[in-house]
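Visitor: Using only what follows, build the 3D model:
(chains A and B)
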Amino acid sequence: MKAMALTAVGAAVALVAGVVTAAPAQAVRESSAHPEAACSAGWYWRATGRGADTFGRVGSTHSDYNGTNSNASVEFTSSTSGTVGSTVSGSTEIALSVELASIRSQYGISVSVSKAVTIGNSIRITVPPHKTGNGDYGAWKAYVKGYEDFTNSRCTVTRSQAKKIYSPYKVGWKTWID
Amino acid sequence: MDRLRPLALVAATIVIAAALAGCSAPVPSPASSSGTPASTTSATAVPTAVPTALPTAAPSTVSVSKPSNETLLGSLSSQRGTNALGPFRSSSKSIAVYVKCVGSGSVQVTVTGVAQFPNDCDAAGTDAGIRNVLDVRFVDKFSVRVSGENTLVWAVTVTTGH
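Guide: I've put the predicted structure just below:
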């Protein structure tokens, strides 16, 4: 009886162990998992920080001069559709889609390889006297910098190559007064 | 007693197994993965209106996050009807207004003395929302008001931009 009970315990523990143990990485070259978790040889993405957003304009800049002595309200409406894509510089050992998935998780932003910008989006801004109101419509790009590391089977990073990624995550207006 | 002891061991094992399994696969919640503060306002942000009471058939939570490199002025999540943030003093050259809306229709956003713009809502709730950057150098202070039908659920976040 005791032996049977212990067998049952052993089976249950084995079942639990199966749940706890992480499966080895399958797509090593495209894996963004931390290398220490798998120690499978391959390239791994490592983000080191996020810089200031950049803006991808679609269409021309809207401008309106207020020649009066009081505030004026002007409306801009996007009239050009298009697509704002990602740009990268530096290492390209890992697929961009894999790195974007990692960035989405790490920074909580909806970056994508490209983002569609549509027409008919409007904004009304207040322009002070004798100033010009300006507006660009497009997509904001998150700037994330990091490294692509090659990790060998002994969990040692043998190569490290810098990379900069600019990927769109939100559409919108960039307005300013001058 | 001998008959009961193995059963007790198995029961204890199942309890342990369940506890371990619970610890083994943490599933991040949407809120925690986005890093979004829920209805947070900065020290200078004072909501100026009480949101309309939610109907019983409330949809999903709606929140909008800000980039970690921007300074938060104020944020409201899962709102209906009209609500506002501010007033804020114009301490930066520009601000970024993030808006996200779920439902059929659009909300109207007013940054007093600076700008007005609509945001079309997304019935599926999958749209990332918008980010509008506004020049606030020519006003001393401003508030951000969002209004929409009670059938719409919206969120707004205001930062100093960059």
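Visitor: The residue nearest to A:Gly82 when sequence neighbours are not counted: how many residues sit nearby?
Guide: In this structure, A:Gly82 finds its nearest non-sequential neighbour in A:Val58, 4.0 Å apart by CB to CB, 6 or more residues apart in numbering or on different chains. For the C-beta atoms, the positions are set from N, CA and C on the backbone; glycine is no exception. Neighbour count of A:Val58, defined by other CB atoms under 10 Å in any protein chain shown: 21.
Visitor: ok, A:Val58 - contacts?
Guide: A:78, A:80-84, A:117, A:137-139 (CB atoms under 8 Å, 6 or more residues apart in numbering or on different chains).
Visitor: Same question for B:Cys101.
Guide: Contacts of B:Cys101 (CB under 8 Å, 6+ apart): B:62, B:107, B:119-122, B:129, B:148, B:152-155.
Visitor: That one falls within a strand, correct?
Guide: Yes: counting by DSSP: H, G, I helix; E, B strand; the rest coil, B:Cys101 falls inside a strand.
Visitor: Just list whatever residues bridge to it.
Guide: On the basis of DSSP bridges, B:Cys101 is bridged to B:Trp154.
Visitor: Repeat that for B:Arg89.
Guide: B:Arg89 has these beta-bridge partners by DSSP bridges: B:Lys141.
Visitor: Please tell me how far the residue nearest to A:Gly82 sits from chain B.
Guide: 14 Å (CB to the nearest CB, to the nearest Å).
Visitor: Quick check, pLDDT for that residue.
Guide: With respect to pLDDT, A:Val58 scores 97.
Visitor: Between the contacts of B:Cys101, which sits nearest A:Thr156?
Guide: Nearest to A:Thr156 among the contacts of B:Cys101: B:Gly129, at 42.6 Å, using CB to CB.
Visitor: ok, that closest one touching B:Val97?
Guide: No: the pair B:Gly129 and B:Val97 does not pass the contact test of CB atoms under 8 Å, sitting 10.2 Å apart.
Visitor: Out of the contacts of B:Cys101, list just those in strands.
Guide: B:107, B:119-120, B:153-155 (DSSP state E).
Visitor: Separate out the buried members of the residues you listed.
Guide: Taking 16 or more other CB atoms under 10 Å in any protein chain shown as the criterion, what is buried in those is B:107, B:119, B:153-155.
Visitor: Quick check: chain neighbours aside, which residue is closest to the most centrally placed residue in chain A?
Guide: Central residue of chain A (CA atoms, centre = their mean): A:Val111, 3.6 Å from the mean position. In space, and not counting its chain neighbours, A:Val111 is closest to A:Ser167: 4.0 Å by CB to CB, 6+ apart.
Visitor: residues contacting the one you found?
Guide: By CB under 8 Å, 6+ apart, the neighbours of A:Ser167 are A:86, A:96, A:100, A:103, A:111-113, A:141-142, A:144.
Visitor: Identify the bridge partners of it.
Guide: Once the bridges are assigned, which here means DSSP bridges, A:Ser167 pairs with A:Ala142.
Visitor: re the thing from before, now, among the ones in strands among the contacts of B:Cys101, which is nearest to chain A?
Guide: B:Asp120 (8.2 Å; CB to the nearest CB).
Visitor: For that closest one, give its distance to A:Thr118.
Guide: Distance of B:Asp120 to A:Thr118, given as CB to CB, to the nearest Å: 10 Å.
Visitor: Could you do A:Val58 as well?
Guide: 9 Å.
Visitor: Give me the common contacts of the two.
Guide: Both A:Val58 and A:Thr118 are contacted by A:78, A:81, under the criterion CB under 8 Å, 6+ apart.
Visitor: Residue ranges in chain B under the pLDDT threshold?
Guide: Filtered on pLDDT under 70, chain B yields the residue ranges B:1-60, B:162.
Visitor: Show me what counts as buried in stretch B:78-94.
Guide: Across stretch B:78-94, burial judged by 16+ other CB under 10 Å covers B:78-88, B:90, B:92, B:94.
Visitor: May I see those residues organised as CSV, with distance to chain A added?
Guide: Converted to CSV, those look like this (distance: CB to the nearest CB, whole Å):
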residue, distance to chain A
B:Ser78, 17
B:Gln79, 19
B:Arg80, 23
B:Gly81, 22
B:Thr82, 18
B:Asn83, 21
B:Ala84, 18
B:Leu85, 18
B:Gly86, 16
B:Pro87, 16
B:Phe88, 16
B:Ser90, 12
B:Ser92, 13
B:Ser94, 7
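Visitor: ok, how many other residues are close to A:Val144?
Guide: The burial count for A:Val144: 24, using other CB under 10 Å.
Visitor: now do A:Thr80
Guide: 13.
Visitor: before we move on, which element is the residue lying closest to it once chain neighbours are set aside in?
Guide: By the measure of CB to CB, 6+ apart, the closest residue to A:Thr80 outside its immediate chain neighbours is A:Gly59, 3.0 Å from it. A:Gly59 belongs to no helix or strand when assigned by DSSP states H and E.
Visitor: Can you give me the distance of the residue nearest to A:Gly82 to A:Pro168?
Guide: Taking CB to CB, one finds A:Val58 at 11 Å from A:Pro168.
Visitor: Please, where are all the helices along chain A?
Guide: A:2-20, A:35-38, A:96-107 (DSSP state H).
Visitor: What average pLDDT does the shortest one get?
Guide: To tie it back to what came earlier, the one meant is helix A:35-38. pLDDT averaged over helix A:35-38 gives 54.
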